[in-house]
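Asker: Pasting the sequence and the predicted model now:
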Amino acid sequence: MAVEQRVTYCRICEALCGLIATVDDGRLQSLRPDPDNPLSRGRACPKGIAFSDVQNDADRVLSPLRRRADGGFEEVSWDVALDDIAARLTGIVAEHGGGAVGQYFGNPVAFGYASGIWSGLFLSRLGGHHQYSSGSQDINSRFVASKLLYGAATQIPFPDLPRTDFLFMLGANPLVSHGSAVRTPRVKDDLAGIVRRGGRVVVVDPRRTETARAYEHLPVRPDSDAWLLLSMLHVIFGENLADATALAEQTVGWKQLREIVEAFPPEDTAARTGVAPDVLRTLARDFAAAPSAVAYGRTGACLGRHGTLVCHLLDALSIVTGNLDRAGGMLFSQAVIPLEDMGERSGRMTYNSARSRIGDLPEVMSTYPAALLAEEIITPGDGQLRALFVTAGNPVLSVPNGPMLEKALGELDLLVSLDLYVNETNRHADYVLPSTTFLERYDVPYSFANCSPTVFIQAAEPVLEPYGQARSEWEVFDELAHRMGLSLFATGPLLRLNGVLSWLDRRGIGRLTPRRLMEILMRVGPYGDRFGLRRKGINPRRLRANPHGIVLAEHARTGIRADTVRQPGAKVVLAPAEIVAELRRLGERHPDDPDFPLMAIGLREMRSQNSWMHNSPTLMKGDRRHRARVHPADAAAAGLTDKHLVRITSPYGAIETEVLITDEVAHGTVAIPHGWGHRGGWQLANRSGGANVNELTSNDAADLERLAGMSVLNGVAVRLEPVGDTVSTAG
Ligand SMILES: Nc1nc2c(c(=O)[nH]1)N[C@H]1C(S)=C(S)[C@@H](COP(=O)(O)OP(=O)(O)OC[C@H]3O[C@@H](n4cnc5c(=O)[nH]c(N)nc54)[C@H](O)[C@@H]3O)O[C@H]1N2
Ligand SMILES: Nc1nc2c(c(=O)[nH]1)N[C@H]1C(S)=C(S)[C@@H](COP(=O)(O)OP(=O)(O)OC[C@H]3O[C@@H](n4cnc5c(=O)[nH]c(N)nc54)[C@H](O)[C@@H]3O)O[C@H]1N2
Ligand code: SF4
Ligand SMILES: [Mo]
């Protein structure tokens with residue numbers, strides 16, 4: 001067969017860059033950036049290109065693996081695996097009820113719509129509620145803030161980068177992460193454009209990051225953002241810089257917010273934030289005075305002790321200055337494929353409709369804090385978790401207290417994982433089921449792809465047949481349901497689609513697959529062809545004819561608050577009771593402990609993707625090792641020199657890794673990447689050393705952020721000690 005060039009897009013991170021795959025006789029030869037993708041226009045990062053290493057990895061799992069009595073794995077057929085899993089699940093449900101079954105889904109699930117929908121249907125059909133995800137280590141605080149502000153957890157407002165005059169960016173490093181909760185595949189151009197237009201980009205971060213270096217850096221102490229933002233609002237209200245017209249028209253509760261922030265003058269918060277009062281006052285005035293301005297935050301905003309509050313205050317900053325729902329400000333996300341909308345309308349995007357068995361924490365869109373997983377497994381009683389599916393996740397490395405979780409996994413009656421690899425989590429599984437890569441499946445973007453300043457849609461057909469026996473995740477859940485005699489559609493949000501479904505049925509259109517569901521939603525969505533009623537609307541045929549994607553509108557819509565906010569009168573709620581209660585807890589949760597004088601924060605690297613790309617030879621070339629970034633003064637105080645092995649101890653655990661001395665972190669701050677310390681089936685990753693930073697973080701329910709049950713991953717109290725006189729000789 002001839003060598004072919006096939007158009008697709010990358011699904012590793014939220015930029016979703018266009019790619020061209022060179023395929024020779026069913027094998028991937030290489031990936032390169034797609035020059036004709038209208039958004040990424042010939043740009044991709046090293047991970048996207050190096051995904052060919054993952055696709056063709058000799059360590060990839062390509063047939064179902066079953067645990068042997070001696071602890072190793074053996075290859076079995078799909079029929080053997082699925083029959084046994086179905087039988088064991090049936091037994092567990094018969095004995096303990098569906099409440100004994102759970103699932104954890106990891107970050108890659110967000111890049112394919114099918115797996116999340118079908119596994120969710122499967123679990124709810126069993127009557128299970130034990131649902132966990134990477135969200136409680138990532139973005140659930142953002143969802144909860146949105147639920148409280150806008151009445152819609154899936155409403156993620158985003159910065160209008162191409163038109164703003166002032167980007168206030170807190171706890172994000174998009175020059176490395178390529179943007180999260182905002183789709184900006186050419187983020188370098190988008191940020192440079194702001195400055196070129198005479199605007200400003202201010203980066204609030206404890207570390208002088210790649211992004212901070214390129215723009216204006218405002219260093220802050222870790223986990224102090226709530227105080228910083230309260231003081232900015234203090235100045236804005238106190239100096240009458242708020243947009244009174246916008247507040248009256250768009251919001252309720254702004255007077256209460258004004259009262260609250262009175263108690264936070266910058267002079268009082270400076271000691272905590274490390275930001276001088278005059279600097280903060282000038283910043284607040286400039287932000288309010290800019291023709292357009294927007295506050296944006298990501299994981300650095302979400303992962304502290306008050307993540308939900310920080311997300312709330314960030315939005316409040318844009319809203320109070322009249323920058324909501326207008327060009328250059330903070331825009332409401334609106335889906336091209338209204339999947340989330342369907343969830344919101346059917347009341348499925350819940351918050352705090354139930355509390356966790358352990359720790360009494362609220363559910364967030366039917367998921368509980370993943371930090372509770374270990375306790376939920378080992379704690380006897382009604383609702384004890386006994387069977388767990390892990391889809392595209394590696395919680396042993398990504399969730400606090402990996403060692404305890406690892407032990408707990410061994411207590412399960414059944415652990416099944418759908419993955420590309422044997423990782424640190426599923427090496428304890430009864431079954432590892434080989435999944436398709438994004439190159440082997442159909443996709444259309446949803447979820448965070450809606451946070452796009454330019455309205456865009458692209459559908460990707462599979463560019464490769466699945467390697468080996470790899471299967472799509474949704475088919476696995478579909479098959480299991482079938483073998484257990486369950487119908488996935490007797491329940492849940494799909495009931496809402498009944499009208500459309502019976503219409504299709506009458507026309508003899510076959511069984512419902514996730515793809516069919518998305519195609520229906522696309523056609524009834526805001527840009528859809530309404531099955532022929534709207535001539536220029538999109539439909540599957542048009543998407544196939546335009547494989548590089550279609551720009552549906554140069555700019556995302558503005559002036560849509562009335563249709564978007566699901567609060568009484570479509571008014572944004574600026575002082576919800578939960579946030580007011582959280583404000584009362586401020587400070588209580590920051591005890592100083594002289595035994596742990598430093599604060600650890602996270603750090604993402606250009607050539608890592610959480611825990612799962614350390615087996616790519618291309619990405620691991622050169623001097624790639626796990627290193628904790630330590631300020632020269634802190635290193636000196638601890639008796640550490642460069643490349644020294646350091647023991648980092650928190651109240652919850654200790655790790656040993658290498659030191660990199662740098663003044664890019666402030667005195668008192670240590671920055672440590674997550675997703676290292678491998679012991680899976682990925683041989684190069686295993687050889688790369690490093691440690692699991694989540695041995696330092698706490699999975700105690702009492703330590704979790706209160707409103708969203710977020711793991712506290714930034715601002716972790718630690719101390720440093722040299723490990724003997726060992727200096728690494730590698731590199
Ligand atoms: N200390 C600390 N911890 C953190 C963070 C932090 O900043 N600091 N960040 C957190 C964040 S934001 C996130 S999102 C989480 C991530 O946490 P997780 O989602 O639990 O873990 P990942 O490392 O992303 O692992 C993803 C797994 O999915 C597999 N995979 C990749 N693609 C596919 C696919 O298409 N199908 C299937 N079935 N499997 C696939 C990979 O092989 C890998 O095993 O980590 C969190 N943990
Ligand atoms: N190359 C690469 N890209 C990725 C990933 C990856 O692992 N590698 N992961 C992807 C995933 S899953 C996600 S969720 C996104 C995340 O996207 P981002 O959030 O943009 O990524 P980070 O680099 O973690 O940026 C968080 C920033 O917050 C800062 N920070 C830490 N603590 C605090 C604090 O208390 N206050 C403030 N103001 N800042 C703080 C950190 O120093 C860091 O610079 O990135 C995605 N993109
Ligand atoms: S930035 Fe890199 S990893 Fe993210 S979508 Fe683009 S090519 Fe893929
Ligand atoms: Mo993430």
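Answerer: Structure's in. What do you need? Ligands and ions are numbered 1, 2, ... in the order given.

Asker: who in this protein is up against ligand 3?
Answerer: Cys10, Ile12, Cys13, Ala15, Leu16, Cys17, Ala44, Cys45, Lys47, Gly48, His178, Pro185 (Cβ under 6 Å from any ligand atom). To be clear about C-beta, it is placed using only N, CA and C from the backbone, and glycine gets the same treatment.

Asker: pretty sure the third one is touching Ser608, no?
Answerer: What that stands for is Cys13. No. Counting by Cβ atoms under 8 Å, Cys13 stays clear of Ser608, with 11.3 Å between them.

Asker: give me the residue from this protein nearest ligand 3.
Answerer: Gly48 (2.3 Å; Cβ to the nearest ligand atom).

Asker: State whether that residue is indeed within a helix.
Answerer: Yes. Under DSSP: H, G, I helix; E, B strand; the rest coil, Gly48 sits within a helix.

Asker: my guess is it contacts Cys10, does it?
Answerer: Yes. Using Cβ under 8 Å, Gly48 is in contact with Cys10, at 4.1 Å.

Asker: what sits in contact with each of these two?
Answerer: Common neighbours of Gly48 and Cys10, counting by Cβ atoms under 8 Å, 6 or more residues apart in numbering, are Cys17, Leu19.

Asker: per-residue confidence at the most centrally placed residue in the chain?
Answerer: Nearest to the mean C-alpha position of the chain, by Cα atoms, centre = their mean, lies Asp138 at 4.7 Å. Listed pLDDT for Asp138 reads 98.

Asker: Which residues are in contact with it?
Answerer: Asn107, Thr299, Cys302, Leu303.

Asker: Near ligand 1, list only the ones from the residues you listed.
Answerer: Okay, of these touching ligand 1 (Cβ under 6 Å from any ligand atom), that's Asn107, Thr299.

Asker: Tabulate the contacts of Asp138 (a markdown table), appending secondary structure, distance to ligand 2 and pLDDT.
Answerer: Below are the contacts of Asp138 laid out as a markdown table (DSSP: H, G, I helix; E, B strand; the rest coil; distance: Cβ to the nearest ligand atom, whole Å; pLDDT from 0 to 100):
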| residue | secondary structure | distance to ligand 2 | pLDDT |
| --- | --- | --- | --- |
| Asn107 | helix | 5 | 98 |
| Thr299 | helix | 3 | 98 |
| Cys302 | helix | 8 | 98 |
| Leu303 | coil | 7 | 98 |
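
Asker: Look at the residue of the stretch 151-300 of the chain found nearest ligand 2 and give its secondary structure.
Answerer: Closest approach of the stretch 151-300 of the chain to ligand 2 (Cβ to the nearest ligand atom) occurs at Gly300, with a separation of 2.2 Å. Using three-state DSSP, the structure places Gly300 in helix.

Asker: Quick check: closest non-adjacent residue to it.
Answerer: With Cβ to Cβ, 6 or more residues apart in numbering as the criterion, Gly300 has its nearest non-adjacent residue at 2.0 Å, and that residue is Gly171.

Asker: The one you found contacts Cys302, doesn't it?
Answerer: Yes. Between Gly171 and Cys302 there is a contact under Cβ under 8 Å: 7.4 Å.

Asker: hey, what's in contact with both of those two?
Answerer: In contact with both Gly171 and Cys302: Val310, using Cβ under 8 Å, 6+ apart.

Asker: Could I get the buried residue list for stretch 570-583?
Answerer: The neighbour-count check on stretch 570-583 (16 or more other Cβ atoms under 10 Å) flags Lys571, Val572, Val573, Leu574, Ala575, Pro576, Glu578, Ile579, Glu582, Leu583 as buried.

Asker: Low-confidence ranges, the stretch 1-150 of the chain, go.
Answerer: 1 (pLDDT under 70).

Asker: what about the helices in it?
Answerer: Secondary structure of the stretch 1-150 of the chain, counting by DSSP state H, counting those that start in this stretch: helices at 46-55, 78-96, 113-126, 140-150.

Asker: Then the stretch 151-300 of the chain?
Answerer: 174-177, 187-196, 210-214, 225-238, 244-250, 254-261, 266-273, 277-289, 299-302.

Asker: Let me know which of those is tucked in deepest.
Answerer: Neighbour counts (mean count of other Cβ atoms under 10 Å) averaged over each of the helices of the stretch 151-300 of the chain peak at helix 299-302, with a mean of 28.

Asker: how far does it sit from the chain's center?
Answerer: 11 Å (Cα atoms, centre = their mean, to the nearest Å).

Asker: ok, now stretch 472-490?
Answerer: On the basis of Cα atoms, centre = their mean, stretch 472-490 sits 27 Å off its chain's mean C-alpha point.

Asker: what do you get for stretch 144-161?
Answerer: 15 Å.

Asker: Check whether it comes near ligand 2.
Answerer: No. Using Cβ under 6 Å from any ligand atom, stretch 144-161 stays clear of ligand 2, coming no nearer than 12.4 Å.

Asker: Alright, that wraps it up for me.
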